[in-house]
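> how would this look folded up:
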Amino acid sequence: MTHLFNSNVILIVDDIPTNLEVLSEALTDTGFDVAVATSGESAIRQIEYDSPALILLDIMMPGIDGFETCRRLKANPNTKDIPIIFMTALSDSVDKVKGLLLGAVDYITKPFQQAEVLARVQVHMQLRNVSTALEEQNVHLKQEIEERIAAEAALQQLTQDLEHRVEERTKELSQALHNLQEAQVKLVQSEKLATLGQLVAGVAHEINNPINFIYANIQHANHYIHNLLELIQLYLVQYPHPTTDIQEKIQEIDLEFLVEDLPNLFSSMQIGAERISEIVKSFRTFSRHDEAEIKAVDIHEGIDSTLMILQYRLNQKSPHPAIHVIKKYENLPIIECYPGKMNQVFMNILSNAIDALEEVIDTYNSLITPTIWIYTHVVEAKHIKIRIIDNGPGILQEIQKQLFDPFFTTKRAGKGTGLGLSISYQIVTEQHGGSLSCISNPGKGTEFVIEIPLGQSALSHYQLQPSPNLLEPLTQSQLLSVSGNI
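This next block holds a predicted model:
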């Protein structure tokens with residue numbers, strides 16, 4: 001049964017009264033009905049008896065934080081479809097990506113800009129209304145199909161001609177429903193991709209300038225400190241017998257340790273700044289927000305940037321060990337493709353592989369070394385092939401037949417939408433004239449094979465060929481001994 005939402009109520013969840021007052025006044029003046037809650041627990045209780053159409057949710061709160069509140073709401077079938085916009089002063093991109101992966105649709109950054117808040121709220125309220133209207137159309141179509149099927153059963157004893165007409169009408173309605181579902185999938189996925197791309201591109205842009213400033217000044221500061229330390233050493237040589245006050249200060253600040261450790265400190269700061277620069281570069285490569293057309297790109301950069309985005313899931317976190325990634329890249333030529341869309345394919349397949357490995361870790365604990373292999377090579381100087389293999393639990397044959405169907409998922413409620421592989425299949429086959437296939441057996445891991453032509457200008461001559469079974473059988477000893485890092 002579809003849960004009913006109050007179509008004009010916006011719930012604001014924040015433990016700071018000033019924020020509640022400012023947002024409530026702005027939204028009320030715009031014509032929205034506003035409800036407020038001061039904690040995650042009270043918000044969840046309130047939503048149980050009065051569901052809003054949209055939730056503005058603060059991340060940093062006492063009790064359960066915004067991430068946990070979002071996770072609980074998305075795990076509840078009655079509240080999982082309510083759009084959630086996070087409100088945060090955090091600038092860490094990992095936290096923002098975490099929020100999107102939990103199911104949030106957007107972010108609002110503190111301090112609030114009233115025009116921006118109202119614009120984002122209005123956009124997502126409009127999207128909510130569109131989604132609701134599409135759901136109602138689905139219900140009507142399903143009801144009509146059921147009525148037609150019932151009418152067919154009742155009229156079967158009449159003429160064969162009438163039976164044929166009913167069957168044809170049923171097929172038309174079924175096709176209409178299928179077309180509507182495909183349109184919904186594309187609409188939802190397009191919005192998510194646009195939001196994620198804007199977020200990642202925005203974060204990369206905002207971080208790039210200050211980190212360049214910090215990185216440049218670290219070098220000057222290191223030089224200045226080096227000069228000051230030389231000056232101090234010169235003073236110690238020229239004035240070996242300082243006053244009592246100076247001797248006490250030297251002991252208080254542990255001058256010997258300071259002189260030894262300060263260069264190491266600046267070296268660590270420089271390494272950290274370089275690491276942030278690498279992350280920003282990976283964000284910009286992954287989002288490719290300004291590249292909606294076909295571009296000539298290095299496909300390895302897209303894979304590597306996707307791995308950087310997913311690094312937090314690959315790292316060791318109790319009780320899960322680190323997931324190793326072994327890359328076997330051939331020297332590929334530059335290829336023509338839609339870079340951002342291909343990166344989304346890599347994101348979907350690698351995320352599924354990580355999910356599968358976490359499942360097998362939970363089941364068998366330390367019996368295997370969780371590993372993902374990525375192979376790339378050129379096929380007959382016309383196509384490139386990308387193989388992504390994991391040593392997870394594998395997939396049953398009957399399930400493999402439905403993997404690329406819209407809305408099909410084997411994950412628990414709230415974990416997956418069933419759209420990732422379906423959209424990936426469309427991107428690879430329809431937009432790139434390639435092929436996407438799955439090779440798997442229970443207990444022997446899973447392999448996804450992506451094959452696309454080197455140049456999109458040759459699409460009309462490209463013939464889809466079934467990919468051979470490239471999943472090499474892995475013995476238990478191989479699974480236990482394999483290791484590697486990104």
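> so is the most centrally placed residue in the chain in a helix, a strand, or just coil?
Nearest to the geometric centre of the chain sits residue 101, at 5.2 Å (Cα atoms, centre = their mean). Here residue 101 is recorded as helix under DSSP: H, G, I helix; E, B strand; the rest coil.
> Which parts of the stretch 101-250 of the chain are strands?
106-109 (DSSP state E, counting those that start in this stretch).
> so where do the helices sit in it?
With DSSP state H, counting those that start in this stretch applied, the stretch 101-250 of the chain shows helices at 114-155, 160-238, 244-253, listed in chain order.
> Contacts only, for residue 297.
Contact analysis of residue 297 by Cβ atoms under 8 Å, 6 or more residues apart in numbering lists 334-335, 337, 339. No exception for glycine: its C-beta is placed from N, CA and C like everyone else's.
> And the residue nearest to the centre of the chain, how far from residue 372?
18 Å (Cβ to Cβ, to the nearest Å).
> returning to what we had before: dump the contacts of residue 297 to CSV, plus neighbour count.
Below are these laid out as CSV (neighbours: other Cβ atoms under 10 Å):
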residue, neighbour count
334, 11
335, 22
337, 26
339, 25
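> circling back to that earlier point, got TSV for the helices of the stretch 101-250 of the chain, with mean neighbour count, distance to residue 450 and mean pLDDT too?
As requested, the helices of the stretch 101-250 of the chain are exported to TSV (neighbours: other Cβ atoms under 10 Å; distance: least, Cβ to Cβ, whole Å; pLDDT from 0 to 100):
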stretch	mean neighbour count	distance to residue 450	mean pLDDT
helix 114-155	14	31	84
helix 160-238	14	18	76
helix 244-253	10	59	86
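> Quick one: the ones you listed as JSON lines, columns for distance to residue 51 too.
As requested, the helices of the stretch 101-250 of the chain are exported to JSON lines (distance: least, Cβ to Cβ, whole Å):
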{"stretch": "helix 114-155", "distance to residue 51": "12"}
{"stretch": "helix 160-238", "distance to residue 51": "20"}
{"stretch": "helix 244-253", "distance to residue 51": "60"}
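> Of these, give the one that comes closest to residue 313.
Nearest to residue 313 among the helices of the stretch 101-250 of the chain is helix 160-238 (15.6 Å), distances taken as Cβ to Cβ.
> How many residues are close by residue 43?
Counted by other Cβ atoms under 10 Å, the residues lying close to residue 43 total 27.
> in what helix or strand does it lie?
helix 40-49 (DSSP states H and E).
> Report the contact partners of the residue nearest to residue 351 when sequence neighbours are not counted.
Once flanking residues are discounted, residue 351 sits nearest to residue 310: 6.8 Å by Cβ to Cβ, 6 or more residues apart in numbering. For residue 310, the contacting residues are 347, 350-351, 354, by Cβ under 8 Å, 6+ apart.
> now with 7 Å?
350-351, 354 (Cβ atoms under 7 Å, 6 or more residues apart in numbering).
> Any chance of a markdown table for the contacts of residue 297, columns pLDDT and secondary structure?
A markdown table is the format used below for the contacts of residue 297 (pLDDT from 0 to 100; DSSP: H, G, I helix; E, B strand; the rest coil):
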| residue | pLDDT | secondary structure |
| --- | --- | --- |
| 334 | 91 | coil |
| 335 | 90 | strand |
| 337 | 89 | strand |
| 339 | 85 | helix |
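> okay, residue 421: pLDDT?
Looking at residue 421, its pLDDT reads 83.
> try the one 3 residues further on
Looking at residue 424, its pLDDT reads 85.
> quick revisit: tell me which of the helices of the stretch 101-250 of the chain lies nearest to residue 423.
Nearest of the helices of the stretch 101-250 of the chain to residue 423, taken as Cβ to Cβ: helix 160-238 at 4.8 Å.
> pLDDT-wise, which helix or strand of the chain ranks last?
Of all helical and strand segments in the chain, the minimum by mean pLDDT, DSSP states H and E falls on helix 476-481, at a mean of 33.
> Need the nearest residue in space to residue 328, chain neighbours excluded.
Here the residue nearest residue 328, using Cβ to Cβ, 6+ apart, is residue 375, at 4.7 Å.
> My reading is that that neighbour is in a helix; is that accurate?
No - counting by three-state DSSP, residue 375 falls outside a helix, being strand.
> Count the neighbours of it for me.
Residues near residue 375, counting by other Cβ under 10 Å: 17.
> and the helix holding residue 43, how far from the chain's centre?
Relative to its chain's centre, helix 40-49 lies at 27 Å (Cα atoms, centre = their mean, to the nearest Å).
> helices and strands around the helix or strand just after it, which ones?
Counting by DSSP H and E, the next helix or strand C-terminal to helix 40-49 is strand 54-58. If contacts are counted by 3 or more Cβ pairs under 7 Å, 6 or more residues apart in numbering; DSSP states H and E, strand 54-58 sits against strand 9-13, helix 66-75, strand 84-88, helix 114-155.
> chain center to strand 54-58, what's the gap?
The answer for strand 54-58 is 20 Å, by Cα atoms, centre = their mean.
> Check stretch 438-446 too.
With Cα atoms, centre = their mean as the basis, the mean position of stretch 438-446 lies at 24 Å from the chain mean.
> okay, how far is it across it, tip to tip?
Start and end residues of stretch 438-446 are separated by 7 Å (Cα to Cα, to the nearest Å).
> quick one: buried residues of it?
438-441, 444-446 (16 or more other Cβ atoms under 10 Å).
> Average pLDDT for that stretch, rounded please.
Stretch 438-446 shows a mean pLDDT of 88.
> How about stretch 81-92?
Rounded mean pLDDT across stretch 81-92 is 82.
> Please state the offset of it from the chain centre?
Using Cα atoms, centre = their mean, the offset of stretch 81-92 from its chain centre is 14 Å.
> then that stretch to PDB, C-alphas only?
Only the C-alpha atoms of stretch 81-92 are listed here, as PDB (Å, rounded to 0.1, in the frame of the first residue of the first chain):
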ATOM      1  CA  ASP A  81      10.400   7.700  -0.500                       C
ATOM      2  CA  ILE A  82      10.400  11.000   1.300                       C
ATOM      3  CA  PRO A  83      13.100  13.200  -0.200                       C
ATOM      4  CA  ILE A  84      15.800  14.300   2.300                       C
ATOM      5  CA  ILE A  85      18.000  17.400   1.900                       C
ATOM      6  CA  PHE A  86      21.000  17.500   4.200                       C
ATOM      7  CA  MET A  87      21.900  20.800   6.000                       C
ATOM      8  CA  THR A  88      25.600  20.900   6.800                       C
ATOM      9  CA  ALA A  89      28.600  23.100   7.500                       C
ATOM     10  CA  LEU A  90      30.900  20.200   6.600                       C
ATOM     11  CA  SER A  91      33.200  20.600   3.600                       C
ATOM     12  CA  ASP A  92      34.400  17.000   3.500                       C
END
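> So which bits of it are buried?
Quick answer for stretch 81-92 (16+ other Cβ under 10 Å): 81-88.
> what's the pLDDT at the residue nearest to the centre of the chain?
Note on residue 101: pLDDT of 87.
> separation between it and residue 445?
From residue 101 to residue 445 the distance is 24 Å (Cβ to Cβ).
> Domain-wise, how is the protein divided?
Structurally, the chain divides into domains by automatic domain parsing as follows: 9-123, 205-281, 291-481.
> Now distance to residue 142 too, for the ones you listed, in TSV please.
Shown next, in TSV, are those (distance: least, Cβ to Cβ, whole Å):
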stretch	distance to residue 142
domain 9-123	18
domain 205-281	45
domain 291-481	14
